[in-house]
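Student: Fold the following for me, if possible:
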Amino acid sequence: MANRSTEGLSAHVFRYGLASALPAVLALVLLSLFTQAFTPSAFGRYSLALSAVTIASTVLTGWLDQSVLRFEPEQSRSVVGVVSVVVIGLSAAVVLLTTLAYPIVEPVLGAYADYYFAGVALLAATSLYNVYRAVHQSKLDSKIVLRIGVARAIVNAVAALALSFLLLHSIVGWLWGTALGTAIAATVLLWQADALSTLRGRFDLALARRMAVFGFPLIGWALAHNLLNFSDRFILELLRGSASVGVYSSNYTLAARAAGLAFGPMIQAIHPLVMNAWDGGTEEQLAADVFRYTRYLALVGVPIVAFSLVLSRPLTDFILDSQYAAGYLVVPLVTAGLFLWNLANVGHKPLEVGERSRTMLVGVCLALAVNIVLNFPLIQLYGYLGAALASLVGFALYPVFVYIVSRRFVAWRFPWRHCALAVMCSLVILAVYALVHSLGFSGLVVDLLLVLPTTAIYAALLVATGVVSQSELAHARTLLE
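Tutor: Below you'll find the predicted structure:
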């Protein structure tokens, strides 16, 4: 297990970044191959099936993930014992009940019947994987998370290609392949956590109740979060059909993968660091840590949004088939929304520490309600682009809510000045691209070659304006050496 007291944010962000990089690249490769081989309607059905699995997994065990991250630092072995009993029991029950229910629901599944058992297998595997990944994340075992995450991505990709193109000749093979790789990874994580030995110990009922009180409201929070991501696809299916879902989902996935690679490692590292630091810490220190982490994420996220504006069209033209690439404007809208959502995920850490999960639930439900209400008129007017606009508004409302309600607990000190300067410095990125394009140079290769020099200009401006201190700059150089 990693040393909880000596390893800082940078080491864990680096490892989580590596753990995210290869899976993100493989996911984009698969996205390109599958959008070339299958129609938008087929991809739309696959996307809805995957969305349903994600939502069901959230309802089934999402509360356990969050409870592990909250309580494992306090009672490690007892927490592993509790979650092992619960998640293994729930997964087994789901497989049994859905198998028995198939003859009843099969007549109403229609074109989705082929996805049923693949979805069930993926649901059980994902539930196990997410819970035991949270155990290792909370222990700051980022090395294990790195190794297993990379191995899982490779097995997922190989199995998905083999099953889809060689055996089943259907996009449903992507679900089966993902289920296989995820099940293997979950088994390894379970073994690494020594979970089976904890099953022989005494079940800590008091801890289980405490975890349930904290975690059950987060079922609603996590479910509402997933519905923020996926409800627009179901509304699109209703109003515009599977082809629109396919175009929207492919571009949304492209944005989500890129945003996950940019923001995910920092979010994964920040959560256990905050929880471990809170054990014996003070509210003043908590507020200072949240401010610092918000600032870091903002300085990284603002230029990411700027790059999404200029790279969305050439990247979608390169990665996606032309049927899908027409939805390239979805990419910057979703990227901006996910950036704001991740800022709020840092800002609401004091609410998590204070076990104010019901407050968090209220906030995300408000954002979801606005998102759903906006989806209907915006999709009617603008199709899948309207769905992206509704998602942006929904994601933006949650940080506003967190900022306001946090004043009642531990106020979220937002780095307004640093964000404003980051936006101004990012405008230089857009200006450089506009200048180069005006000179007649364009295309994916040119745009990608400009990423490094414009990033360097952005960083230099941050230093020149005092947003990044000399000590932080020296630390960054140490990490690169």
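Student: residues near residue 380, how many?
Tutor: 11 (other C-beta atoms under 10 Å). All C-beta spots, glycine's among them, are computed from the backbone N, C-alpha and C.
Student: Might one say that it is in contact with residue 374?
Tutor: No - using C-beta atoms under 8 Å, residue 380 makes no contact with residue 374, being 10.9 Å away.
Student: measure residue 262 to residue 426 for me?
Tutor: As judged by C-beta to C-beta, to the nearest Å, residue 262 and residue 426 stand 14 Å apart.
Student: Also residue 224?
Tutor: Residue 224 is 30 Å from residue 426, by C-beta to C-beta.
Student: Comparing these two, which residue is more hemmed in?
Tutor: Between residue 224 and residue 426, residue 224 has the larger neighbour count (other C-beta under 10 Å), namely 26 against 22.
Student: and the more buried one, what pLDDT?
Tutor: At residue 224, the pLDDT value in this model is 82.
Student: quick one, what contacts it?
Tutor: Applying C-beta atoms under 8 Å, 6 or more residues apart in numbering, we find residue 224 in contact with 361, 364-365, 367-368.
Student: before we move on, what SS does it have?
Tutor: Classification of residue 224 using DSSP: H, G, I helix; E, B strand; the rest coil returns helix.
Student: Mind telling me what element the residue lying closest to residue 57 once chain neighbours are set aside is part of?
Tutor: Spatial nearest neighbour of residue 57, excluding adjacent residues (C-beta to C-beta, 6 or more residues apart in numbering): residue 126 at 4.8 Å. For residue 126, the element it lies in under DSSP states H and E is helix 116-138.
Student: Quick one: list the elements packing against that helix.
Tutor: helix 40-71, helix 76-109, helix 142-161, helix 172-192, helix 242-278 (3 or more C-beta pairs under 8 Å, 6 or more residues apart in numbering; DSSP states H and E).
Student: Would you mind saying which of these lies nearest residue 134?
Tutor: helix 40-71 (4.3 Å; C-beta to C-beta).
Student: Give me the angle between the closest one and helix 242-278.
Tutor: 10 degrees (axes from the mean of the first three to the mean of the last three C-alpha atoms, to 10 degrees).
Student: pLDDT of helix 40-71, averaged?
Tutor: 85.
Student: And the helices in the stretch 301-450 of the chain?
Tutor: Along the stretch 301-450 of the chain, counting by DSSP state H, counting those that start in this stretch, helices occupy 322-325, 330-347, 349-353, 357-382, 384-405, 416-438, 444-449.
Student: Out of those, point me to the one whose mean pLDDT is lowest.
Tutor: helix 349-353 (a mean of 81).
Student: what's that one packed up against?
Tutor: helix 242-278, helix 283-319, helix 357-382.
Student: go again using 7 Å as the cut-off
Tutor: Here helix 349-353 touches helix 242-278, helix 283-319, going by 3 or more C-beta pairs under 7 Å, 6 or more residues apart in numbering; DSSP states H and E.
Student: Using a markdown table, please lay out those helices together with distance to residue 81.
Tutor: Listed next are the helices and strands packed on helix 349-353 as a markdown table, based on distance: least, C-beta to C-beta, whole Å:
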| stretch | distance to residue 81 |
| --- | --- |
| helix 242-278 | 19 |
| helix 283-319 | 29 |
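Student: which one of those helices has the most crowded surroundings?
Tutor: helix 242-278 (a mean of 23; mean count of other C-beta atoms under 10 Å).
Student: between it and helix 384-405, how big is the angle?
Tutor: Using the same axes, to 10 degrees: helix 242-278 against helix 384-405 is 20 degrees.
Student: How far away from the center of its chain is helix 242-278?
Tutor: Computed by C-alpha atoms, centre = their mean, to the nearest Å, the chain-centroid distance of helix 242-278 equals 3 Å.
Student: what's the angle between it and helix 283-319?
Tutor: Using the same axes, to 10 degrees: helix 242-278 against helix 283-319 is 150 degrees.
Student: From the structure, what's the count of residues near residue 443?
Tutor: A count of neighbours around residue 443, defined by other C-beta under 10 Å, yields 12.
Student: same question, residue 191
Tutor: 11.
Student: angle of the helix holding residue 126 against helix 40-71?
Tutor: 30 degrees.
Student: before we move on, back to that, which one, of the helices and strands packed on helix 349-353, ends up nearest to residue 92?
Tutor: helix 242-278 (28.2 Å).
Student: between that closest one and helix 142-161, how many degrees?
Tutor: 170 degrees.
Student: From the rest of the structure, what touches stretch 369-389?
Tutor: Here stretch 369-389 makes contact (C-beta atoms under 7 Å, 6 or more residues apart in numbering) with 228, 231-232, 235-236, 239-240, 244, 247-248, 327, 329-330, 333-334, 390-391, 393-394, 397.
Student: Are any of the residues you listed buried, and if so which?
Tutor: 228, 231-232, 235-236, 240, 244, 247-248, 327, 329-330, 333-334, 390-391, 393-394, 397 (16 or more other C-beta atoms under 10 Å).
Student: Quick check: residue 225 vs residue 62, distance?
Tutor: Residue 225 is 9 Å from residue 62, by C-beta to C-beta.
Student: Which one of these two is surrounded by more residues?
Tutor: residue 62 (25 against 21).
Student: Tell me who's in contact with the residue nearest to residue 57.
Tutor: 53, 57, 182.
Student: distance of it from residue 359?
Tutor: Residue 126 is 28 Å from residue 359, by C-beta to C-beta.
Student: and residue 209, how many neighbours?
Tutor: Neighbour count for residue 209, taken as other C-beta under 10 Å: 11.
Student: Start at 12, not 1
Tutor: Yes, from this point I'll number from 12; that puts the last item at residue 220.
Student: Specify the local secondary structure of it.
Tutor: Of the three states, residue 220 takes helix under three-state DSSP.
Student: I figured residue 359 hits residue 372, correct?
Tutor: No - the criterion here is C-beta atoms under 7 Å, and residue 359 misses it with residue 372 at 11.1 Å.
Student: Where does the prediction get shaky in the stretch 12-161 of the chain?
Tutor: The model of the stretch 12-161 of the chain has pLDDT under 70 over residues 12-31, 83-88, 151-153.
Student: rerun that using 50 as the cut-off
Tutor: For the stretch 12-161 of the chain, residues meeting the criterion pLDDT under 50 lie at 12-18.
Student: just to revisit the earlier point, which one of residue 359 and residue 372 has more residues nearby?
Tutor: Legend: neighbour count by other C-beta under 10 Å for residue 359 and residue 372, higher for residue 359 (27 against 19).
Student: Now that one: closest residue in space, sequence neighbours ignored.
Tutor: residue 413 (4.7 Å).
Student: what's the angle between the helix holding residue 137 and helix 183-203?
Tutor: Using the same axes, to 10 degrees, helix 127-149 lies at 40 degrees relative to helix 183-203.
Student: Give the buried residues for helix 127-149.
Tutor: 127-149.
Student: Show the contacting residues for residue 37.
Tutor: Residue 37 neighbours (C-beta under 7 Å, 6+ apart): 164, 168.
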